[in-house]
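>>> Here is my input, please return the structure:
(one chain, ligands or ions: 1)
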Amino acid sequence: MKTTAIKKVSFYFILFSFVFLTSCTFNTKENDNQNKTATKTLKYGSQYSGKRGDKEMQKFRANRFGQFIHWGLYSIPAGEWKGKIYSGAAEWLPKMTNISRSEWDSLIYKFNPVKFNAKEWAAMAKKMGVKYVTITTKHHEGFCLWKSDYTDFDIETAPYKGDLIKEFVDAYTAEGLDVYFYYSILDWHHPDWRYDIKSKNDSIAFERYYQFAKNQLLELQRKFPEVKGFWFDGTWDQSWKKNGRYSYEIEMALKKANPGVIVNSRLRADDLGSRHFDSNGELMGDYQSGYERFLPEKKDTSVVKMDWEACMTIPVNQWGYHKDWTLSHVKSPNEIIEMLVKTVSLGGNFLLNFGPKSDGTFRDEEKVIAHEIGNWMDKNGYVIYNGDYAGLKNQDWGYYIKNTFNNSVYGVIVNKPIANQMRVELPKNKKLEGAVLEGKQLPIHFHDRLGYFVVLPEENFISPVVIKLEIADKKSKHNPEHI
Ligand code: GYZ
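Numbering: from 1, shown residues only. Predicted coordinates:
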């Protein structure tokens, strides 16, 4: 009797312990999961996960190479004020000097780009090989290059008699190039702009500014229905971070008017002031636009999960026209082409900046660069358009690019190995059947431990060279291991 009772107690004790422990373990796991997946409820966060799949976004992605244009009143002083040259970015000159607001604003009466020829600009861009252009409609200084119904600080007040943005949009569109508008939310001219919101009056003024900006943006969309998207800037201040709702509502308003419109992540802040990515780590806007004057590391494949675009200056940091380019390193065409290739190899777009002069022409250095890049693009552009991340193991000679249109894989050589051999490592189930340079097959050696070695021609390469790699599944008939 006694033994049975003990047995019974032990049984229930063991059963209880088991249930208790299991439930503890389970709870711990559940908590872990909760922590991992904990999402904050946001009204103004990301609108969707992953990449947009519509045709407008596919076009943006296929374009890959764009021209950025920074043009405004800053092209007049061009980095010089009262006889002194300032080495900072030309469009930031008013913040580097003690120029008064009214003195800067009066530059509007001198903005008369009589040599501006939109068709020549568009032809130059086309020849360079870009597929789209992003132009400053309003930079931080607040000057509007289009005829705006919401301010007099626009092209209509300047002596220039033309309808600048219209001429621009028409000419680029006629060349088959997509047009995007840069718009600075930060506005040094507008009395209602605030850097921070510290009082009720600040909120009231900033609300007025927000309405002004939204009106202008909808006006741009209405007057230029060809515009494919907006590139927002100047949104790093507290005022904007404290008003995530405004950035959300601007995105929504633009998308309501044109569901296919494309908006960069720089516009956005969420409910808690997170920018670009919301407080749950999800990208806001349609593509990540944070790579400014630098690119992701070659091994940083985290970017391939999203759409992204890098913007790049030709000197170290000049966007608007600066008269003295000897003040910093000026990138060579090959440096720029390498950056373009690297960007595309990581599934991104590359936006190369030009800063026209106040008379409406481009400086000679920019013309030369556009020409040289154009020559390379003429021959090799097929590797850029529709190019994407190929998912192969990095090699020192350069970058792989997969063409999403015909599924071809290319190797772009930017560092020619001294042994004239291009190493290609493939997944176990794949083989390299051919390597083609300008229509000619190159010899391929196979090493069981190291993979394939494509034998390159002896001569030096003077610009990045594209080699088409014929990759097949191992089960197919040809066996290059016996080549
Ligand atoms: C502007 C800007 C494209 C550039 C130019 C500049 O001020 O004149 O239009 O964008 N600014 O961007 C940033 O300064 N971005 C930034 C700021 C802090 C950290 C990283 C990037």
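>>> what does this structure put close to the ligand?
Within the chain, the positions adjacent to the ligand are 89, 91, 233, 236, 292, 311, 319 by CB under 6 Å from any ligand atom. Bear in mind the C-beta positions are built from the backbone N, C-alpha and C, glycine included.
>>> Narrow those to those in strands?
233, 292, 311 (DSSP state E).
>>> Out of the residues you listed, grab the one that's most surrounded.
residue 311 (22 neighbours; other CB atoms under 10 Å).
>>> Let's see the pLDDT reported for residue 477.
If you check residue 477, the pLDDT there is 58.
>>> I meant to write residue 20 there.
We note a pLDDT of 39 for residue 20 in this prediction.
>>> that older thread, redo the ones in strands among the residues of the chain next to the ligand as CSV? Include pLDDT.
Below are those laid out as CSV (pLDDT from 0 to 100):
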residue, pLDDT
233, 98
292, 98
311, 98
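>>> State which one residue of the stretch 251-400 of the chain is found closest to the ligand.
Residue of the stretch 251-400 of the chain nearest the ligand, by CB to the nearest ligand atom: residue 319 (4.4 Å).
>>> Is that residue in contact with residue 292, as I believe?
No - the pair residue 319 and residue 292 fails to qualify as a contact (CB atoms under 8 Å) at a distance of 9.9 Å.
>>> domain parsing for this protein?
As assigned by automatic domain parsing, the chain contains the domains 55-386, 390-473.
>>> Which of the ones you listed has the highest mean neighbour count?
domain 55-386 (a mean of 19; mean count of other CB atoms under 10 Å).
>>> wait, doesn't residue 141 sit right on residue 108?
No - checked against CB under 8 Å, the pair residue 141 and residue 108 is beyond contact range at 9.6 Å.
>>> Check the burial of the residue lying closest to residue 278 once chain neighbours are set aside by counting its neighbours.
Excluding the flanking residues, the one nearest residue 278 by CB to CB, 6 or more residues apart in numbering is residue 45, at 3.5 Å. For residue 45, the neighbour count with other CB under 10 Å is 23.
>>> and residue 45, that's in a helix?
No - applying DSSP: H, G, I helix; E, B strand; the rest coil, one finds residue 45 to be coil, outside a helix.
>>> what's the spacing between it and residue 240?
Separation of residue 45 from residue 240 (CB to CB, to the nearest Å) stands at 15 Å.
>>> now residue 221
Taking CB to CB, one finds residue 221 at 21 Å from residue 240.
>>> so how far is the ligand from the nearest residue to residue 249 once chain neighbours are set aside?
With CB to CB, 6+ apart as the criterion, residue 249 has its nearest non-adjacent residue at 7.2 Å, and that residue is residue 214. Using CB to the nearest ligand atom, to the nearest Å, we find residue 214 at a distance of 21 Å from the ligand.
>>> Same check on residue 41?
Going from residue 41 to the ligand by CB to the nearest ligand atom gives 29 Å.
>>> Make sure I have this right: residue 469 is in a strand.
Yes - according to three-state DSSP, residue 469 belongs to a strand.
>>> my read: it touches residue 430, true?
No - counting by CB under 8 Å, residue 430 is not a contact partner of residue 469; they are 10.2 Å apart.
>>> Would you mind measuring from the residue in the stretch 1-150 of the chain positioned nearest to the ligand to residue 319?
Across the stretch 1-150 of the chain, no residue is closer to the ligand than residue 91, which sits at 4.7 Å (CB to the nearest ligand atom). Distance, residue 91 to residue 319, by CB to CB: 6 Å.
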